[in-house]
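> here is my input; please provide its structure:
(chains A and B)
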Amino acid sequence: MTEFFVILISTILVNNIVLVQFLGLCPFMGVSNKLETAIGMGGATTFVLTLAAISGYLVNTYILAPLGLEYLKTIAFILVIAVVVQFTKMFIEKTSPLLYRVLGVFLPLITTNCAVLGVALQNTAKAHTFLQSSLYGFGAALGFSLVLVLFSAMRERLAVADVPVPFKGAAIGMITAGLMSLAFMGFSGLV
Amino acid sequence: MIDFLLQHPILSALFALVVLALAFGALLGFAAVQFKVEGDPIVEQIDNLLPQTQCGQCGYPGCSPYAQAISEGDAINKCPPGGQSTINAIADLLDVEAPTLDEEHGEESDVKTVAVIREDECIGCTKCIQACPMDAILGAAKQMHTVIADECTGCDLCVEPCPVDCIDMIPVETTVTSWKWNTPQPSQIQIADLIASDRQTSMEGAA
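Numbering: from 1, shown residues only, chains lettered A, B, ... in the order given. Take a look at the predicted model:
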């Protein structure tokens, strides 16, 4: 039990996928202009990342490892992620049109989110078990959602703040992200 | 089989990826059939006929919800911005009698209007910004507001909330750039003939 709790804390705060490992920076900068879209993107990514971590583990353990094909894991995981995203898109479109409209364009965007691939690869590198893999994916997704929501709340304030001209727009966003990253470095040593 | 594959790494790699791809392809194909979403084309057709002012005078939050409501049997004469021509077009699409505009939801105006804020009187309360369905009013709290004329659909919704009554509805003047040919009115006799013959053939087809 403690071990699972440690995995969650470690992925959400200490080894945060965005601010400490610097994966998934494109949606972090791109979809954080509004709080609502950030929450939508966070939800969609949480779902896909958890599912991708689980199916990545299954493909690696039951197909690649017995045949000695671990060197193919990158391309196999890309395939898995693309399928999971597409399947999720179809499933949500059918079961919950409202959620589908809220998530909209973000669902297909997750395919290109390197955090998803990164988590699947880290799972194999760290030789996680099935439960550890899924928790690791879920925790990483929660960490991603957390910083995305925090960052978008800050950017909404920045949009109306009196920023010096050279720093307007993306520049102040980058600086803010850097400061957030520094703050998250403070969590190291927590676990 | 497994032994043969293990002795030929390239073949096993090819085999594994092809099997994976085939399995995933089958899964997606199955999902595409299983989770197929049937759109409702009649709602989209009605929505295309509505003026897209999103003014909410029909009592629904926008044109798309009203189109949905019409398809579920609501009255078609609740759209003042569209006026009689929209009602006729929807009646034609749904093959029902065209009623006159329901006055309860507002009157149709012949002239297209646009909202104009008298800017020196504006106190910057942002109430008209919240009322505007088209996001056509620009401004911030305690700052002067102004209307983006190109976006304004003339729906009157901003006039009521203004506490200092500084919004006027001004008729849009026809200029060289905005002038259009008048749409010719089709002859009444031809329409009657066309519909009568159409009805006849469709009844024959149904019988």
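
> for chain B, what is the nearest residue in chain A?
Nearest residue of chain A to chain B, counting by CB to the nearest CB: residue A:94, 3.7 Å away. Where C-beta positions appear, they are placed from N, C-alpha and C, glycine not excepted.

> quick one: contacts for residue 16?
The chain I'm using is chain A. If a contact means CB atoms under 8 Å, 6 or more residues apart in numbering or on different chains, then residue A:16 has A:143, A:144, A:146, A:147, A:184, A:187 as its contacts.

> actually it's chain B I care about, not the one you picked
A:63, A:64, A:67, A:69, A:72, A:76.

> for the helix or strand in which it is found, what is the average pLDDT?
Using DSSP states H and E, the element containing residue B:16 is helix B:9-34. Helix B:9-34 shows a mean pLDDT of 89.

> hmm, back to that, the spatially closest residue to the residue of chain A closest to chain B that is not a sequence neighbour: neighbouring residues, count only.
With CB to CB, 6 or more residues apart in numbering or on different chains as the criterion, residue A:94 has its nearest non-adjacent residue at 3.7 Å, and that residue is residue B:35. Neighbours of residue B:35 under the rule other CB atoms under 10 Å in any protein chain shown: 15.

> surely residue B:35 touches residue A:91?
Yes - using CB atoms under 8 Å, residue B:35 is in contact with residue A:91, at 5.9 Å.

> list the buried ones in stretch A:132-150?
A:132-149 (16 or more other CB atoms under 10 Å in any protein chain shown).

> oh, that last question was meant for stretch B:36-50, not what I typed.
Neighbour-count burial for stretch B:36-50 [16+ other CB under 10 Å]: B:43, B:46, B:47, B:49, B:50.

> do any residues in that stretch lie close to chain A?
Yes - under the criterion of CB under 8 Å from any CB of the partner chain, chain A is reached by stretch B:36-50 at B:36, B:37.

> ok, back up a step: just the closest of the buried residues of stretch B:36-50 to residue B:182, please.
residue B:49 (19.9 Å; CB to CB).

> not counting sequence-adjacent ones, nearest residue to that closest one?
Closest residue in space to residue B:49, ignoring its immediate chain neighbours: residue B:89 at 4.8 Å, by CB to CB, 6+ apart.

> quick check: the one you found vs chain A, distance?
Distance of residue B:89 to chain A, computed by CB to the nearest CB, to the nearest Å: 27 Å.

> just the pLDDT at that residue, thanks.
We have a pLDDT of 85 for residue B:89.

> for chain A, what lies in contact range of chain B?
Proximity of chain A to chain B (CB under 8 Å from any CB) is limited to residues A:59, A:63-64, A:67-69, A:72, A:75-76, A:79-80, A:83, A:86-87, A:90-91, A:93-95, A:97, A:160.

> mind jotting down where the strands sit in chain B?
Secondary structure of chain B (DSSP state E): strands at B:113-117, B:137-138, B:146-147, B:167-171.

> sorry, back to before: what is the burial count for the residue nearest to residue B:49?
Neighbour count of residue B:89, defined by other CB under 10 Å: 18.

> re earlier: now do the buried residues in the helix holding residue B:16.
B:12, B:13, B:15, B:16, B:17, B:20, B:24, B:31.

> tell me which residue in chain B sits closest to chain A.
Closest point on chain B to chain A, by CB to the nearest CB, is residue B:35, at 3.7 Å.

> residue contacts, that residue?
A:90, A:91, A:93, A:94, A:95.

> one step back: among the buried residues of stretch A:132-150, which are in helices?
Using DSSP state H, A:132-149 are the members of those that sit in helices.

> up against chain A, what does chain B have?
Neighbours of chain A within chain B, by CB under 8 Å from any CB: B:5-6, B:9, B:12-13, B:16-17, B:19-21, B:24, B:27-28, B:31-32, B:34-37, B:140.

> what helix or strand is the residue of chain A closest to chain B located in?
Here residue A:94 is assigned to helix A:73-95, by DSSP H and E.
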